[in-house]
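Asker: My questions are about this predicted structure, shown below with the sequence.
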Amino acid sequence: MTKGMAYGVDPTRSEYYSLRQARYHAIGEEVGRLIPEFQRRGETLRLLDVGFWNGVSRRYIEVNDPKNTVEFNGADLKLHHAIYKQDSWNSLHEGDLLAGFPFLDSNQFDVVICEQVLEHLPHINIALATLSRVVKPGGMLILGVPIFPPGVHLVRRHVVPACDRLVGKKKPRSHLQAFSRASFEAAVDKNCDVDIVARRGFRMVSGGLLRGLENRRWWWQANRTLGEWLPGLCTELQVIAIKRTAATIPMPAVPDTPSAAAA
């Protein structure tokens, strides 16, 4: 394990088994499981990372892809000033997910990732439907959001903003959505033509005085096991879904009013 790099690949966190970056490690493993079949068929795996920031997911994916089977594509509201291996991405797009990504054709990506984006949007129906639209039938959708225990998510969504207004808080919070596991999966079922096949939680217990334990593999493995057993009690949820082969959900209309977009 490279010193000072999460999972040996990520310089943005110094803990070897950073629980905050565990979601990207899981993405790398998930995509890695698909790669042998694409290699067997002699095909390229077309991947779109939505809200990809500086390309952090790619660091975790490419260690599982020594033969360069994956074609990396990215889309974000604004392109980061320092994107990992920027010159070797197949395409990089600036665009608002809430406008439906009209520059992207339907059914063209084998994997679509949208990690830690949807919670920043004022509404998510169009965003989810767009993500579902651009993935191929039979392709994989990987969606990650922060979550709260059932009931607590309603307090965070309705009571906390009301309190902010009451005390005159001027700077809005960056998280405009608050999900529980059930409410997020219900939104995916409603807006995406997919079947959820797996879910996992991250960071049930992390940070603070326990951060030093994130240099211990057993601590990461324990948190990973808890996340698989009790995903709804973690602070992050990642849903894995497969697009159905026959479309059944219509694309919502894009609103005329400007809106906030993915971070």
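Answerer: Yep, that arrived. Numbers count the residues shown, from 1 in each chain.

Asker: in terms of contact count, name the helices or strands touching whichever strand or helix holds residue 36.
Answerer: Under the criterion of DSSP states H and E, residue 36 resides in helix 22-41. Contacting helix 22-41 under the criterion 3 or more CB pairs under 8 Å, 6 or more residues apart in numbering; DSSP states H and E are the following elements: strand 45-50, helix 56-62, strand 109-115, strand 135-146, strand 194-202, helix 217-229, strand 236-243. (Each C-beta comes from the backbone N, C-alpha and C, glycine too.)

Asker: and that helix, what's its mean pLDDT?
Answerer: Averaging pLDDT along helix 22-41 gives 97.

Asker: same question, stretch 65-85
Answerer: Summarised as a single mean, pLDDT over stretch 65-85 is 96.

Asker: who's in contact with it?
Answerer: Outside stretch 65-85, the residues that touch it by CB atoms under 8 Å, 6 or more residues apart in numbering are 31-32, 35, 38-39, 44-56, 58-59, 61-62, 88-97, 101, 104, 109, 261-263.

Asker: picking up where we left off before, tell me which of the helices and strands packed on helix 22-41 lies nearest to residue 209.
Answerer: Counting by CB to CB, residue 209 lies closest to helix 217-229 out of the helices and strands packed on helix 22-41; the figure is 12.8 Å.

Asker: name the helices or strands packed onto the closest one?
Answerer: Looks like helix 217-229 contacts helix 22-41, strand 194-202 (3+ CB pairs under 8 Å, 6+ apart).

Asker: what comes up buried for the longest one?
Answerer: Just to be clear, that refers to helix 22-41. 22-28, 30-32, 34-35, 38 (16 or more other CB atoms under 10 Å).

Asker: How about stretch 113-133?
Answerer: 113-121, 124, 126-133.

Asker: Could you do stretch 4-24 as well?
Answerer: Result for stretch 4-24 [16+ other CB under 10 Å]: buried residues 5-7, 9-10, 13, 15-24.

Asker: Now, those that are in helices?
Answerer: In this view, the buried residues of stretch 4-24 that belong to helices under DSSP state H are 22-24.

Asker: Pick the one among the buried residues of helix 22-41 closest to residue 200.
Answerer: residue 26 (6.4 Å).

Asker: Wait, that closest one touches residue 198, no?
Answerer: No. Between residue 26 and residue 198 there is no contact under CB atoms under 8 Å: 10.1 Å.

Asker: What is the nearest of the buried residues of stretch 4-24 to residue 216?
Answerer: residue 17 (6.8 Å).

Asker: Which residues are in contact with that closest one?
Answerer: Residue 17 sits in contact with 6-7, 214-217, 219-220, where contact means CB under 8 Å, 6+ apart.

Asker: low-scoring pLDDT stretches of the chain, where are they?
Answerer: 1-3, 160, 164, 246-263 (pLDDT under 70).

Asker: At the geometric centre of it, which residue do we find?
Answerer: The centre of the chain sits closest to residue 115, judged by CA atoms, centre = their mean, with a distance of 1.5 Å.

Asker: so what's that one closest to, chain neighbours aside?
Answerer: residue 144 (4.0 Å; CB to CB, 6 or more residues apart in numbering).

Asker: I'd guessed that neighbour sits against residue 240; true?
Answerer: No. Using CB under 8 Å, residue 144 is not in contact with residue 240; the gap is 10.0 Å.
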